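Participant: Can you look at this prediction? I've put the sequence above it.
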Amino acid sequence: MAPSNYVPVNPLEELHYALEVMQNFYFQLWLGTWPTCIDWTGAVLGTFVSASLFSLTRSLDYSLPKPPQSIPNQPDRITMKGERIENEIDKYFSQSIAYYFGEDYFGIRMQAYDDMLWVVLGWLESVRFVKLHTLAHYPAAEGKEKGEWYGRQFVPAFAHRAHVFYDIAKKGWDTELCGGGMNWNPRLTPYKNAITNELYISASIGMYLYFPGDLNSSPFATQEKRKCGSREGIDAAGEESTTGHSFDPVYRKNAIEAYTWLKHSNMTNEKGLYVDGFHIKGWRNRHDTGTGNCDERNEMVYTYNQGVLLSGLRGLWEGTGERKYLEDGHALVRNVIAATGWKSPTERTSSWQGLGSNGIMEEICDKKGTCSQNAQTFKGIYFHHLTLFCEPLPRIAAVPGKTFSAGPEEVRLHSQSCNEYATWVTWNARAALSTRDRQGRFGMWWGANVNVLETATFPVQGQDYRNRGLGDAKRWGTGWYNDPDFPQYFNATDANDRGRGRTVETQGGGVAVVRAMWEFVGRFADVVIK
């Protein structure tokens, strides 16, 4: 059964519109943030904005006029479409700058390690976008190596924030318990969960590949303590050097070590999906560590635990040249797709398969309408990192000796596998689009118009601590959040108006999955959008 409003779509136009709604409806420029978000979801939303700009800037081939001393015969003006895209990019990038100042960076430094690592990934994404946009559309003037775009001046600031938060977060790596792994929170009982470790992997290899260096000593006590702030990455004036990267091997080493630990941590279930994480049996305090092993496993499965690792695996491949990382990533993607009930474009399973049904990705809380602010962000995170993973492999190393390129066979295998996912990605994007209200706002439960509305009977294993009975959920009803006898569908004509309803987080999920559709359709011409 297809969504009720299954009509032809233009993926690029849908991305424009989804982003416009998110920013116009939820973002407040004078505050420099989305007032209804929380710190970590704000960092994710900022990442989605930069990633969307990354897609928009390569959606159209155009060049901005060069300075007067440039090469003759350069067109005086760009095309009308180019002007439209450039204006839109400048608008949203300016909002990203506002968010840089609006982000509660001091507060996040006092929070859990995973909160800090979302910040790292977000500003690295901004650095990637600035570099691509400048190279793609701002030709260098005669006698200069690089073109000029006003956004370049913010790279040192973005890089510095990523650097600060990475250096704080890496303190969560611990070898005393479980033989390694990141702790989730520095102030709570040790919990080595999937998301914190996956974030550490992706942030570590991201710092290796994209961090351009940092000479800003604040808040570090001395310049000498910051080994990665060498002049190889950035010069004294804050401009990018010839390579534009520091490629500190410590970052790559951290990513390799963390993934090695995670892969052998027994954190996947029988479906090959990452469960939430481990407590340590008998732990009382740092002097009485109990077994010292990760032996109390929470079996709860969330969508984002299957996603963040993908960008880390892709980065590990580029930073090491070892195919095993791509192979592990593709195996995980296939496990996820199977867990949504997808067998083929014409064959889908309508019963719950672990991450959804009928080929639509879902959280366990979707049908119940009990998703918290945290969970409302999860699916978008998955599709963002899947999109990063399926970027075409470079045939030429970006920086020989520091990064690796792929041979023809490797390129073919990766492209062929990602091509296989494209129809599933499109199916999910179409389902998400079907949840929009008259204002263009996406809902949380993408399967609401695809799957039959019925009482949820999911075989829940583990503790769904992310959703039921926690914090923000208590504000949205009169007991439904922790009362199993409370009606699951309460006085709502639209299934996506239940619980927290449509929020900036559900809109961010819409932006991410529609961007994924655009990227996959753009790369694989045989995917048909009906």
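Facilitator: Sure thing, it's come through.
Participant: low pLDDT regions in the stretch 51-200 of the chain?
Facilitator: 63-79, 141-147 (pLDDT under 70).
Participant: Helices of that one, residue ranges please.
Facilitator: With DSSP state H, counting those that start in this stretch as the definition, the stretch 51-200 of the chain shows helices at residue ranges 80-102, 105-108, 113-137, 155-169, 194-210.
Participant: any idea which of those helices is most buried?
Facilitator: Among these, helix 194-210 has the highest mean neighbour count (mean count of other CB atoms under 10 Å), at a mean of 28. C-beta coordinates here come from the backbone N, C-alpha and C atoms, glycine included.
Participant: which secondary element of this protein has the worst mean pLDDT?
Facilitator: Least confident helix or strand of the chain, by mean pLDDT, DSSP states H and E, is helix 80-102 with a mean of 91.
Participant: and the angle from that one to helix 113-137?
Facilitator: For helix 80-102 against helix 113-137, the angle by axes from the mean of the first three to the mean of the last three CA atoms, to 10 degrees is 150 degrees.
Participant: Contacts made by helix 80-102 with the rest, please.
Facilitator: Under the contact criterion CB atoms under 8 Å, 6 or more residues apart in numbering, helix 80-102 has outside partners 16, 19, 23, 27, 29, 31-33, 42, 46, 49-50, 52-53, 56-57, 59-60, 62, 64, 77-78, 123, 126, 129, 133, 137, 151, 154, 157-158, 161.
Participant: ok so, going back, distance to Arg252 for the helices of the stretch 51-200 of the chain - can I get that in JSON lines?
Facilitator: Output for the helices of the stretch 51-200 of the chain, formatted as JSON lines (distance: least, CB to CB, whole Å):
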{"stretch": "helix 80-102", "distance to Arg252": "27"}
{"stretch": "helix 105-108", "distance to Arg252": "25"}
{"stretch": "helix 113-137", "distance to Arg252": "15"}
{"stretch": "helix 155-169", "distance to Arg252": "13"}
{"stretch": "helix 194-210", "distance to Arg252": "5"}
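Participant: mind checking how far stretch 356-374 is from the chain centre?
Facilitator: Here the centre of stretch 356-374 is set off from its chain's centre by 18 Å, with CA atoms, centre = their mean, to the nearest Å.
Participant: Any idea how far apart the tips of it sit?
Facilitator: 18 Å (CA to CA, to the nearest Å).
Participant: Which parts of it count as buried, going by neighbours?
Facilitator: 356-374 (16 or more other CB atoms under 10 Å).
Participant: taking the mean pLDDT, what do you get for it?
Facilitator: Taken as a whole, stretch 356-374 has an average pLDDT of 94.
Participant: do stretch 379-399 as well
Facilitator: When pLDDT is averaged along stretch 379-399, the result is 96.
Participant: what's the spacing between the closest residue to Val120 other than its chain neighbours and Gly401?
Facilitator: Leaving aside its chain neighbours, Val120 sits nearest to Ala203 (4.3 Å; criterion: CB to CB, 6 or more residues apart in numbering). Distance of Ala203 to Gly401, computed by CB to CB, to the nearest Å: 23 Å.
Participant: How much space separates the residue nearest to Val120 from Glu86?
Facilitator: Counting by CB to CB, the gap from Ala203 to Glu86 is 31 Å.
Participant: next one: Met361
Facilitator: Distance of Met361 to Glu86, computed by CB to CB: 34 Å.
Participant: cool, Gly447 as well?
Facilitator: The value you get for Gly447 to Glu86, if CB to CB is used, is 37 Å.
Participant: Hmm, Ala432 is touching Val511, no?
Facilitator: No. Contact between Ala432 and Val511 fails when scored by CB atoms under 8 Å: they sit 9.7 Å apart.
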